[in-house]
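J.: Coordinates for the following, if possible.
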Amino acid sequence: MFYRSGGTKLFAETVGEGQEIILLHPTPVHHAFWLPVAEMLAQHYRVILPDLRGHGQSEAGEGPITVEKIAEDIERLMNELEIGKAMFAGCSVGGYTLYELWRRMPQRISALAFCSSRPQGDADANRAKRQEWIEIIRQRGAGDFFEIMLNSLIGPTARSRFPQKMSEAREWMQTMRPEAVIAMQQGLAARPDSVATARTIRVPTCVVAAAEDSGSTVEDMKLLTEQIRNGGYGAEFHVLPDAGHYAPWEQPETVGPILRRFFDSVVG
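T.: Numbering: from 1, shown residues only. Prediction:
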């Protein structure tokens, strides 16, 4: 389906029937990232798979692609589909958006699952690196950026065991226009720190960390779990020893059952 948010045309796919789960993908890929996991969940749930703005079949709109804009898009999507309350899972920027959704509309969230999505904002060095890439993409396009991302976002175990995944991810990335890549990098650099937000989470939460992930490390995801628990609410914590930043797509046979058991426990 297509819908509009703030004048921007956006796309989402829906599979299955039942209580709603919304899965938010990382950058610079699109909703197909979640399809292997979604197929497992769709046996008992209605799974919504949006293309975040600037990704897949969704337009980028004007200006930086911030987590605030993405959260507004997801709220609009829920309104379009007449969903009052949903469970969520997000990876990377998809997870960063979950923090913003919790700040924006906690009453519409019944469960959260974070995969490779550290609560801390960008350090100065990360913001400087993003600005470097923005200048390179403006001058030469996004090809070099995508190749670097393939090797940093996909863990070495998946790259060696499943080389075909590199080709699949490359094809997804190449659907993203250079100006959308720039807008996304600008938005990521501006995202707020969410450590304090984590302490306010008051719904069942699942945290999935990947040992081969250098962007959201196991320690980063432990911090998230500890902040939620320090706020007085429980949180599951899982570590995948041989997965990278794209863990749900690298290992759907592991992450899918983790999320299925978690969501089943929520609906009881």
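J.: Secondary structure element holding Lys9?
T.: strand 8-15 (DSSP states H and E).
J.: Show me the contact partners of that strand.
T.: 1-4, 31, 38-39, 42, 46-51, 53, 56-61, 73, 77, 81 (C-beta atoms under 8 Å, 6 or more residues apart in numbering). The C-beta positions use only the backbone N, C-alpha and C, and glycine is treated the same way.
J.: Which ones among those map onto strands?
T.: Among the contacts of strand 8-15, DSSP state E puts 2-4, 46-51 in strands.
J.: Can you turn the buried part of these into a PyMOL selection?
T.: This is how PyMOL selects the buried members of the ones in strands among the contacts of strand 8-15, with burial counted by 16 or more other C-beta atoms under 10 Å:
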select buried, resi 3+46+47+48+49+50+51
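J.: can the ones in strands among the contacts of strand 8-15 go into CSV with extra columns for pLDDT and distance to Ala142?
T.: Shown next, in CSV, are those (pLDDT from 0 to 100; distance: C-beta to C-beta, whole Å):
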residue, pLDDT, distance to Ala142
Phe2, 98, 24
Tyr3, 97, 26
Arg4, 97, 26
Arg46, 98, 34
Val47, 98, 29
Ile48, 98, 28
Leu49, 98, 23
Pro50, 98, 22
Asp51, 98, 17
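J.: now, among the ones in strands among the contacts of strand 8-15, which is nearest to Val239?
T.: For Val239, the nearest member of the ones in strands among the contacts of strand 8-15 is Val47. The distance, counting by C-beta to C-beta, is 24.8 Å.
J.: Quick check: the closest one touching Gly16?
T.: Yes. Under the criterion of C-beta atoms under 8 Å, Val47 makes contact with Gly16 at 5.1 Å.
J.: what about this protein, any weak spots by pLDDT?
T.: Applying pLDDT under 70 to the chain flags no residue at all.
J.: any idea which residue sits dead centre in it?
T.: By C-alpha atoms, centre = their mean, the chain has its centre lying nearest to Gly94, at 2.1 Å.
J.: about what we covered before: tell me the angle the strand holding Lys9 makes with strand 46-51.
T.: With axes from the mean of the first three to the mean of the last three C-alpha atoms, to 10 degrees defining the directions, strand 8-15 sits at 150 degrees from strand 46-51.
J.: Mind listing what's buried along strand 8-15?
T.: For strand 8-15, a neighbour-count test (16+ other C-beta under 10 Å) marks 8, 10-15 as buried.
J.: next one: stretch 92-105
T.: Under 16+ other C-beta under 10 Å, the buried positions of stretch 92-105 are 92-102, 104.
J.: Contact partners for the closest residue to Ser92 other than its chain neighbours?
T.: The shortest distance from Ser92 to any non-neighbouring residue, by C-beta to C-beta, 6 or more residues apart in numbering, is to Pro26 (3.3 Å). By C-beta under 8 Å, 6+ apart, Pro26 lies in contact with 33, 91-94, 116, 153, 245-246.
J.: Figure out the length between the terminal residues of stretch 57-77.
T.: For stretch 57-77, the first-to-last residue distance is 15 Å (C-alpha to C-alpha, to the nearest Å).
J.: in that stretch, what's buried?
T.: Those would be 58-61, 64-77, for stretch 57-77 by 16+ other C-beta under 10 Å.
J.: Could you tell me how many residues sit around Gly18?
T.: Counted with other C-beta atoms under 10 Å, residues neighbouring Gly18 total 14.
J.: could you measure it against Ala247, distance?
T.: Here Gly18 is placed at a distance of 25 Å from Ala247 (C-beta to C-beta, to the nearest Å).
J.: cool, and Glu147?
T.: 21 Å.
J.: The two - which one has more neighbours?
T.: Ala247 (28 against 13).
J.: Hmm, the more buried one is touching Val208, no?
T.: Yes. Contact criterion C-beta under 8 Å: Ala247 and Val208 qualify, at 6.3 Å.
J.: Common neighbours of these two, please.
T.: Residues touching both Ala247 and Val208 (C-beta under 8 Å, 6+ apart): 115-116, 240, 255.
J.: Chain neighbours aside, what residue packs nearest to Arg159?
T.: With sequence-adjacent residues excluded and distances taken as C-beta to C-beta, 6+ apart, Arg159 is closest to Met166, at 6.3 Å.
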